[in-house]
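K.L.:
make a model of this:
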Amino acid sequence: MRRIPCVLMRGGTSKGLIFHADHLPTDPDARDRILLRAMGSPDVAQIDGVGGATTLTSKVAIVRRSRRPEADVDYLFAQVNITAPVVDTNPSCGNILSAVAPYAVESGMVAAQQGETTVRIFNENTRTVSTAIVQTPGGLVTYDGAARIDGVPGSAAPVKLDLAATAGSRTGKLLPTGAVRDVVNGIEISCVDMSVPMVLIPAAALGRTGYESKQDLDADHELLARIEEIRREASHVMGLGDATGKVIPKVALLAAPRGGSGISSRYFVPHVCHATHAVTGAVCIAVATGLEGTVAHELAKVSDGPQRTVRIEHPAGGLDVELAMGDGLFPTPDIRRAAVVRTARRIFEGSVVLPLEV
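P.N.:
So this is what the prediction gives:
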């Protein structure tokens, strides 16, 4: 049998394996065969691997010490398909990002500081740098704390993420089409690329409230078909090409907030509704609420001023994004802060055991 060291971690509302890059092949095909077998894909139950049979629990992070002066570590995210032999490294994952930082410190890639340790993370998927602040009292990572996030039971130590430098993550532009609104298939949408390229759709434009449960949305096959048609057409308009079989751009159905401030979102990944919300998607939507003329700006209820907190309501509760951004659209507004608080937990450490032929 073949044993490859790894750690199983929860990051935010996601869970996955984290590997040191030195322990995996550099050839992508060979690497992907290992990741598929480790997760137990393709199989709807992932019964022969450690995958949890949902998109939120079939994820992988590959981490190495960075040679870039602006970063401490490099992070490659991989979404392992559950029912097909596909490993997708096109998207990123902000929830798993929150596990990368404590992993980097505990693995010795980043020296722990007294109290808190800042980790600069270069995302190989988006070619952008984010920062994460990990709690390190006494120079050791702690996972115990009082921070709570919707979608995760209990409390844990906060991991503070700032994704302010992620505008134009895949397209090179915050507004890939050059406009705050576009019309696709007769529906007014906004195309925004902040941390992840997104197609923002007012739920009412598709005859929905935007407050539906994940279960109701996943069972609404007519709606899912319409969303996919819009997503594929918008992908061309955004310069991303044919989105068939790809997970980006992502889509969100938006509505006015139920809680009095922020905005309500149902985030699709992309063919089912997320049980909570992607961090990258939340940051994208929050920034879009500050861009006058977007559908998000029209629906949101957010305080004025250069610094604000935007609450993104989702099926399991909400997620707060701290924003600091200037006015103006072109070429890009001055986004100084786009931060969220996540939590993480190291669940087990050891080796994944695979057949020798993998």
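K.L.:
let me see the mean pLDDT of stretch 348-357.
P.N.:
Average pLDDT, stretch 348-357: 94.
K.L.:
list the buried residues of that stretch.
P.N.:
352, 354 (16 or more other Cβ atoms under 10 Å). Quick note: C-beta positions are derived from backbone N, CA and C, even for glycine.
K.L.:
try stretch 252-259
P.N.:
Neighbour-count burial for stretch 252-259 [16+ other Cβ under 10 Å]: 252-257.
K.L.:
among the residues you listed, which ones are in strands?
P.N.:
Under the assignment DSSP state E, the buried residues of stretch 252-259 contribute 252-255 to strands.
K.L.:
what are the boundaries of the strands in the stretch 1-150 of the chain?
P.N.:
2-11, 14-20, 59-65, 73-80, 87-88, 115-123, 128-136 (DSSP state E, counting those that start in this stretch).
K.L.:
same thing with the stretch 201-350 of the chain?
P.N.:
250-255, 263-268, 307-314, 317-325, 335-354.
K.L.:
just name the most buried of these.
P.N.:
Mean neighbour count (mean count of other Cβ atoms under 10 Å) peaks for strand 263-268 among the strands of the stretch 201-350 of the chain, with a mean of 27.
K.L.:
quick check, distance from that one to the centre of its chain.
P.N.:
13 Å (Cα atoms, centre = their mean, to the nearest Å).
K.L.:
quick one: mean pLDDT for it?
P.N.:
98.
K.L.:
could you dump the strands of the stretch 1-150 of the chain to CSV with mean pLDDT?
P.N.:
Output for the strands of the stretch 1-150 of the chain, formatted as CSV (pLDDT from 0 to 100):
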stretch, mean pLDDT
strand 2-11, 98
strand 14-20, 98
strand 59-65, 98
strand 73-80, 98
strand 87-88, 95
strand 115-123, 98
strand 128-136, 97
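K.L.:
how's this structure carved up into domains?
P.N.:
2-166+343-354, 182-331 (automatic domain parsing).
K.L.:
of all the ones you listed, which lies closest to G172?
P.N.:
domain 182-331 (8.0 Å; Cβ to Cβ).
K.L.:
distance between the closest one and the chain's centre?
P.N.:
Counting by Cα atoms, centre = their mean, domain 182-331 comes out at 13 Å from the chain centroid.
K.L.:
can you get me the start-to-end distance on stretch 270-290?
P.N.:
24 Å (Cα to Cα, to the nearest Å).
K.L.:
and it, what's buried?
P.N.:
So, applying 16+ other Cβ under 10 Å, buried residues of stretch 270-290: 270, 273-290.
K.L.:
among the residues you listed, which are located in helices?
P.N.:
Of these, the ones assigned to helices by DSSP state H are 279-289.
K.L.:
closest to A167 out of these?
P.N.:
Of those, the one sitting nearest to A167 (Cβ to Cβ) turns out to be V287, at 7.7 Å.
K.L.:
contact partners for the nearest residue to the closest one once chain neighbours are set aside?
P.N.:
In this structure, V287 finds its nearest non-sequential neighbour in M194, 4.5 Å apart by Cβ to Cβ, 6 or more residues apart in numbering. Neighbour list for M194: 163, 166-169, 174, 283-284, 287-288, 335, 338 [criterion: Cβ atoms under 8 Å, 6 or more residues apart in numbering].
K.L.:
now with 10 Å?
P.N.:
By Cβ atoms under 10 Å, 6 or more residues apart in numbering, the contact list for M194 reads 163-164, 166-169, 174-175, 280-281, 283-288, 291, 332, 335, 338.
K.L.:
now do A339
P.N.:
Contacts of A339 (Cβ under 10 Å, 6+ apart): 130-131, 133, 160-164, 283, 286, 309, 320-324.
K.L.:
with D48 instead?
P.N.:
By Cβ under 10 Å, 6+ apart, the contact list for D48 reads 37-41.
K.L.:
against L163, how distant is I335?
P.N.:
Separation of I335 from L163 (Cβ to Cβ, to the nearest Å): 9 Å.
K.L.:
what sits in contact with each of the two?
P.N.:
Joint contacts of I335 and L163 (Cβ under 10 Å, 6+ apart) are 194, 283, 287.
K.L.:
ok, the residue positioned nearest the centre of the chain to D22 distance?
P.N.:
By Cα atoms, centre = their mean, the chain has its centre lying nearest to C93, at 3.2 Å. Separation of C93 from D22 (Cβ to Cβ) stands at 22 Å.
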